[in-house]
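here is the input, now give the coordinates:
(chains A, B and C)
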Amino acid sequence: MLKINDNKCNACRLCEKTCPFEAIAVADGAARFNENCTLCGACVNVCPQGALSIERKQASPEELAQYKGVYVWAECEPKGKAMVPKQVVYELLTQGRLLADKLGQELVAVALGDGRMAELESLCEQGADRVLRCEHELLGTYSTDGYTNVLSAMIAGNKPTAFLYGATPNGRDLAPRIAARMRLGLTADCTGLDIDEQGQLVQTRPAFGGNIMASIVAPYSRPQTATVRPNVFSASLPDPQRPKVIKQVPVTLNKAAIRVKLVEETVLSGEEENLESAEVIVAAGMGCRQGDCLEQAGELANLLGGVLAASRPVVEAGLMPVTRQVGQSGTTVGPELYIAAGVSGAIQHLVGMSSSKRIIAINEDPEAPIFEVADLAVVGDTVKILPTLISLIKDERFRLDFSGVNR
Amino acid sequence: MNIIVCVKQVPEISDVRVNPETGSLVREGVASILNPFCEYALDHAVRLKNSVPDVHITAVSMGPPQAKAVLLRALELGADRGVLVSDRRFAGADTWATALTLAAAVRANQPAFDLVLVGKQAIDGDTAQVGPEMAEILGVPQIMYGVEMELMPNGKRLRVRRESETGYQVLESRLPVLVSASKGETIRRLPSFADILAARAKPMDMITADSLDLSEEQLGLQGSYTQVVKIFPPRAQKECRKLEGLTPALACGEIVSFLKQEKFI
Amino acid sequence: MHEIKSTVEKQIAFSEVTRAEGRECIQSEFLSYLSDESKLSVESCDYIFFPKNEAEVAAVVCEMSRLGIPLTVSGARTGLVGGGVPSKGALMSLERLDRVQALYFNTCAKEWRVQAQCGVSLANIKIMVANKRFSDLESSSDQKLLSALREFRLEPMEYIYPPDPTEMSASLGGTVATNASGARTYRYGPTRDWVRAIRAVLPNGEVLEIPRGKYFASTSGKFTIIDTKGQSRQLHVPDYPMPRTKNTAGFYAAPHMDLIDLFIGSEGMLGIITFIEVALCPHEHKCSLMLFADSDEQAIALVESLRSQSGLQLDMLEFFSQKAIDLLRERQTQETAALGMPPLPEQNVAAVFIELPFDPLAEDMNFARLAEAVERVGLSLDHSWAGYEPRELTRFKVFRHALPETVNHLVAERKRQYPALHKLGTDLAVPDDKLQPMWAVYRQELDRAGLQWLAFGHVGNNHLHINIIPQDPEEMSRGLEIYSSLAAQAVAFGGTVSAEHGIGKLKANFLKEMFSERDIARMKAVKHTLDPQGLLNPGNVFSS
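Here you go, the predicted structure:
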């Protein structure tokens, strides 16, 4: 319920200008709202007199029970001429399905975009009971204001109990904005999500650079919101038999509401392979600084059909671009094979790669923390080991290639 | 141009250790520093100050009394005024309560701001939430992950180059706006000794909860939407095969066997 | 009193001491023991012993003495003059004597003291004292010790062990044997000033326990050592005057001197130091400051201005010549992040580095004296780099150490073409009033010879390291000649040929520059009294 304090209101009309839904206007010297109000909260924040408020805290169990459903933001990315859901969405839906089942509630995917949105049926195959397709020309490119306005209205209207976002750059831009607008609890970079006996969403995440884990709940606000990094959960196999329910949702959005303009976009050339989706990664640490050791790490990556990555100190030293950085302030990866060459394994790095399936670590220091997560720990000089390893692998390949011929 | 830079005092995370028995953090011997991303934000503020006339930089920090040290550092590095927002009633604040408090402090101390600069994330919390939440509360647009910033010639719009997943974007917004910085100077700046002495003479305001337009229920733990219910150490060590004291040739032989076994070659 | 009795502690069978035997085995598996930081190396030696306590050290010494096998002693092998490199016979590594044994508050001297075995590294002492955690002591059952530990931890004051040679992995025993010093020596003095007691194993296998302040040379300059068999030997303290500078060349000699000072800095010639008690000093917050000057001469003038400024206390006073800064600037151009510092000011810049007490939270900061000293020579505090947080102090330290590293790197490159090449580094120091004249001599000699050179170091103690970086063997031999004449000049000015590194095996001829034959004979006599067979650390200090 939007509350207006007539005494404080000075009819400045700022709320009128801010409201994305034309739901509030000044009449008889004070603001008045109409049935278009979605309780998104945009006007509350902008009012300089503090005359507007929405009661949200201390929700009673009855009020909390009104919120139902686990919702996932289906963020899309370009694929050819279309915009398709990102891989992380499938991971979230997998986890979301488990949560929804525990609650006995539905799992809903919400996709925002323009006419290019495609492959949304796959979201149903991944476990969504419904997909809400919010299409508008202005949603074709991500914008904080556009997406915040639309999703806030969607949340206010649908009252989900939980809302999940991928902790992608856009996700980390959007989730806190919505949380602030709607006075919601938000937990970032969750590595674990579960439902407790009270039906609360328990959100687990690393803190202090990964030195400790914290379990967090949001007792007073709904929906409970959380972001999850890509490659933290795995996507289960989709079920093509699941019913496909996609609903078009009308979107009201005007251009003036979007305050930040995209002036220029540069997509770096194809050589910048995607770390997040790589199956094999060779990460170069400061132990690779000497001579052509870095190139050799790259060569090793190529030999194994993988991608070259870097630890934070290597990126900070200007030796590799930040797009290759693995770690808590870089990219989280979870490949089948991760080879850490000359990486010491500072905790921020470990947090970014410890869910890799198989880890080989090479470091001169027998006490290097990277060995704590390694399956195979090699104590030795990276500079000497890499070239030897490369030539051994080449030999092995050569033998395998010719083994058929000799028969 | 009136710039606000939010700065946080954080422990030097690479030095933090966990007591394996109690699972709690060992803070002994861990230095407190200016959060590196906040330093980047300050770098950008100072760059703007060096390229645009009439720029005033206010550094704001919410924290315990010791946080004064990072405000002094900000003053040494080019800020003109420091504001310490400190009160026992702020204790236990989550990102929402923090953002609310900082926004209230900004409204109280520097209401006519043009630009709020924050770091991408704090290296102890790593949530990256306070910036956007502050922006929403202050009612200004936001641009995240800025690496370069430029004030447009008319002085009313800011252009920000930022990293995206696939490369770079350049975004533009009217002032006032909040921008988070993910990169700053490659080599951290060094003040001169004269700068260090001069910092002590610059104004430093202390703000408590009483000066803020917030009720008690909005502060600290009371005002937080999220609560920590458990802290525990990260998962136990895994089974590891360690090769030590082998020549490179022998070690690589073992690696290749492992790769073959796991079907990577 | 001038008489001291040596003792025999527990006797261990020699056969129990861990060892490696055989020249081939040692060469293939213990290669790192055959050289030290000076890069001097030998092909192999016959034995390496790894005693784990003083009794085992004594057992080895006795056995080697019985068999007439020369014995070289090494600690962490961080020495720069080959002291720990075996010349023949056997090597004994003291690395296993690595325990801290006690911490206590000495009420007479009102200072905290640490007792440790010789193999504890300075780096470990630094960490233990800074964190106030002594893992070696915490499991003790000695209540007095535990209560001292508790008191130390509860004390709000922080402490340091002042001596700070560049290579902190050095063993405590090694630093005592060489009287090591570092940048902090300007204020706090060398290792000698912080050693309160030692135990030394003599070449005859018996042990001397020497607290400072107990044994003094007689009026006629003698010490008498009486062994357990009742036999007594007399040491005659040489009567040469010691240089008016920081010094590690030759034995300490002074009228009525303390016996402990004879062993400190004796480079292992007289006995093997197995145990040391050192004092700690209260720690103050510091600020590091790099002041930039327009020329070498202006930088030297700044040094004298700072030094003579009353009421100004500096912990460190270091120098970077124009050519040194040029080399660092070049390195920055190739690899921006290499030095971790912003770009150095352009062309023709020399620098003076100081560290001084600084409390970042002090209410009133008054650095007028510093400003005065700086402005007096036409410079300004605006033209400086400064930092006081622990990581900033480390940053400056890394930057300072980057200079010798860069030089070594350059030499290594040239070595590829000429394997016999090495850098020439001087370790000369002169008295205060000779700083400017000595600098003029350096300039004149080295510029005239057209060799690549630079200067840096502890200018506060008039102790500059001149590095000559030869391009080829011809330049190297010319450099060596100049080096000799520079050493002679330093001595003529009342200075020393070795302020910090010691003589070891590499600087024995420099000893002859500084001391007359007669004086060297006096030193040899002291050595001979304690080590008649001449088996302990042969080749060190005295060239054969």
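
buried residues in stretch C:211-225?
C:212, C:215, C:217, C:221, C:223, C:225 (16 or more other CB atoms under 10 Å in any protein chain shown). Every residue, glycine included, has its C-beta placed from N, CA and C.

in a markdown table: those residues, plus pLDDT, secondary structure and distance to A:Asp395.
Shown next, in a markdown table, are these (pLDDT from 0 to 100; DSSP: H, G, I helix; E, B strand; the rest coil; distance: CB to CB, whole Å):
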| residue | pLDDT | secondary structure | distance to A:Asp395 |
| --- | --- | --- | --- |
| C:Arg212 | 97 | coil | 65 |
| C:Tyr215 | 96 | coil | 69 |
| C:Ala217 | 96 | coil | 72 |
| C:Gly221 | 94 | coil | 73 |
| C:Phe223 | 96 | strand | 69 |
| C:Ile225 | 96 | strand | 67 |
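
so can I have a markdown table of those residues showing distance to A:Leu319?
Below are the buried residues of stretch C:211-225 laid out as a markdown table (distance: CB to CB, whole Å):
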| residue | distance to A:Leu319 |
| --- | --- |
| C:Arg212 | 52 |
| C:Tyr215 | 58 |
| C:Ala217 | 60 |
| C:Gly221 | 62 |
| C:Phe223 | 60 |
| C:Ile225 | 60 |
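
and residue 158, what does it touch?
Let's take chain A. Shown in contact with A:Asn158 (CB atoms under 8 Å, 6 or more residues apart in numbering or on different chains): A:69, A:71, A:108, A:132.

meant chain C, my bad for not saying
C:Glu158 touches C:130, C:282-283, counting by CB under 8 Å, 6+ apart.

so which of the residues you listed wins on neighbours?
C:Ala130 (16 neighbours; other CB atoms under 10 Å in any protein chain shown).

name the residues of the helix or strand containing it that are buried.
Per DSSP states H and E: C:Ala130 is located in helix C:122-131. By 16+ other CB under 10 Å, the buried positions in helix C:122-131 come out as C:122, C:124-125, C:128-130.

farthest-separated two in the buried residues of stretch C:211-225?
C:Arg212 and C:Gly221 (18.7 Å; CB to CB).

point out where the chain drops to low pLDDT.
The chain I'm using is chain A. Scanning chain A for pLDDT under 70 picks out A:1, A:20-21, A:35-36, A:38-42, A:55-59, A:269-273, A:400-407.

was after chain C, sorry
C:544.

show me which residues of it sit near chain A.
C:336-337 (CB under 8 Å from any CB of the partner chain).

which parts of chain C belong to which domain?
C:100-282, C:285-399 (automatic domain parsing).

off-centre distance for the last one?
Right, domain C:285-399. From the chain centre to the centre of domain C:285-399 is a distance of 24 Å (CA atoms, centre = their mean, to the nearest Å).

report whether that domain contacts chain B.
Yes. Judged by CB under 8 Å from any CB, domain C:285-399 and chain B are in contact via C:287, C:289, C:336-337, C:340-342, C:360-361, C:365, C:367, C:370, C:380-392.

in strands only, show me the residues you listed.
Assignment to strands by DSSP state E places the following of the residues of domain C:285-399 next to chain B there: C:287, C:289, C:384-387.

out of the contacts of A:Asn158, flag the one nearest to chain B.
Closest approach to chain B among those (CB to the nearest CB): A:Tyr71, at 17.7 Å.

who's in contact with the closest one?
A:107-110, A:155, A:158, A:160, A:162-164, A:223.

most neighbours out of those residues, which is it?
Within these, most neighbours by other CB under 10 Å means A:Leu164, with 32 neighbours.

what's the helix or strand for that residue?
Per DSSP H and E, A:Leu164 falls inside strand A:162-166.

hmm, the helix or strand following that strand touching chain B?
Downstream of strand A:162-166, the next assigned helix or strand under DSSP H and E is helix A:169-182. Yes. Helix A:169-182 comes into contact with chain B (CB under 8 Å from any CB), by way of A:169, A:172-173, A:175-177, A:179-181.

would you list the buried entries among those?
A:169, A:172-173, A:175-177, A:179-181.

turn those residues into TSV, columns for distance to A:Val315.
Shown next, in TSV, are these (distance: CB to CB, whole Å):
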residue	distance to A:Val315
A:Pro169	17
A:Arg172	19
A:Asp173	22
A:Ala175	25
A:Pro176	25
A:Arg177	28
A:Ala179	30
A:Ala180	31
A:Arg181	34
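
ok so, going back, narrow the residues of domain C:285-399 next to chain B to those that are buried.
C:287, C:289, C:340-341, C:360, C:367, C:370, C:381, C:383-390, C:392.

point out the residues in the stretch 251-400 of chain A that sit beside chain C.
So the stretch 251-400 of chain A meets chain C at A:316-318 (CB under 8 Å from any CB).

how near is the residue positioned nearest the centre of chain C to C:Val85?
Centroid-nearest residue in chain C, with CA atoms, centre = their mean: C:Ala180, separated by 2.0 Å. C:Ala180 sits 18 Å away from C:Val85, going by CB to CB, to the nearest Å.
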